[in-house]
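Asker: below are the sequence and a predicted model for it; my questions follow.
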Amino acid sequence: MDPAIWRGMTDLHYAAYWQDLERIKACVELGFDVNQKDDAGWTPLVWCIDMAATGGIGTAEAIIDYLAAHGAELTHSDERYENILEFARSRDGCCRAFGKRFGKEIMREPLCIARLC
């Protein structure tokens, strides 16, 4: 595995993009940084959320749990999104899964996931 490939994306970014949990685990075991940003400022967690609809049922949820358990920051924001839940909401793929697990950790106020998704 090459630590940096194209546009700042590592094998870990690509594994998250392709929803490949086994490859994600291999990358993490090799010491890849779960919070490394690519040239667009996206971490593997952000790529997982963006591509969640491409994985099988439960795949994105398992990846989100794994990355979070290994230190993935839940505070992504950019010029379009105030926080990662807002980003997840814009990507229907795993909004419910992400919100149920982490919504209260990243929002300023308690939230109703059903209202958001």
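Answerer: Perfect, thanks for sending it. Numbering: from 1, shown residues only.

Asker: hey, where'd the helices end up in this structure?
Answerer: Remark: helices assigned in the chain by DSSP state H are 11-17, 21-29, 44-50, 59-69, 84-90, 95-106, 113-116.

Asker: out of these, nearest to Asp38?
Answerer: helix 11-17 (5.5 Å; C-beta to C-beta). C-beta coordinates here come from the backbone N, C-alpha and C atoms, glycine included.

Asker: using PDB, write down the CA coordinates of the closest one.
Answerer: What follows is helix 11-17, C-alpha atoms only, in PDB (Å, rounded to 0.1, in the frame of the first residue of the first chain):
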ATOM      1  CA  ASP A  11      -5.100   3.800   0.500                       C
ATOM      2  CA  LEU A  12      -7.200   4.500   3.600                       C
ATOM      3  CA  HIS A  13      -9.200   7.200   1.800                       C
ATOM      4  CA  TYR A  14      -9.700   4.900  -1.100                       C
ATOM      5  CA  ALA A  15     -10.800   2.000   1.100                       C
ATOM      6  CA  ALA A  16     -13.400   4.300   2.700                       C
ATOM      7  CA  TYR A  17     -14.500   5.500  -0.700                       C
END
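
Asker: how about residues contacting it?
Answerer: For helix 11-17, the surrounding residues in contact (C-beta atoms under 8 Å, 6 or more residues apart in numbering) are 1-3, 5, 9, 21, 23-24, 26-28, 32-34, 36, 38, 42-45, 47-48, 50-51, 63, 67.

Asker: buried ones among those residues?
Answerer: Using 16 or more other C-beta atoms under 10 Å as the burial test, the contacts of helix 11-17 include 9, 21, 23-24, 27-28, 32, 34, 36, 38, 42-45, 47-48, 50-51, 63, 67 as buried.

Asker: isn't Thr75 right up against Asn83?
Answerer: Yes. The criterion here is C-beta atoms under 8 Å, and Thr75 meets it with Asn83 at 6.7 Å.

Asker: more neighbours: the two, which one.
Answerer: Shown here are Thr75 and Asn83; by other C-beta atoms under 10 Å, Asn83 has more neighbours (16 against 10).
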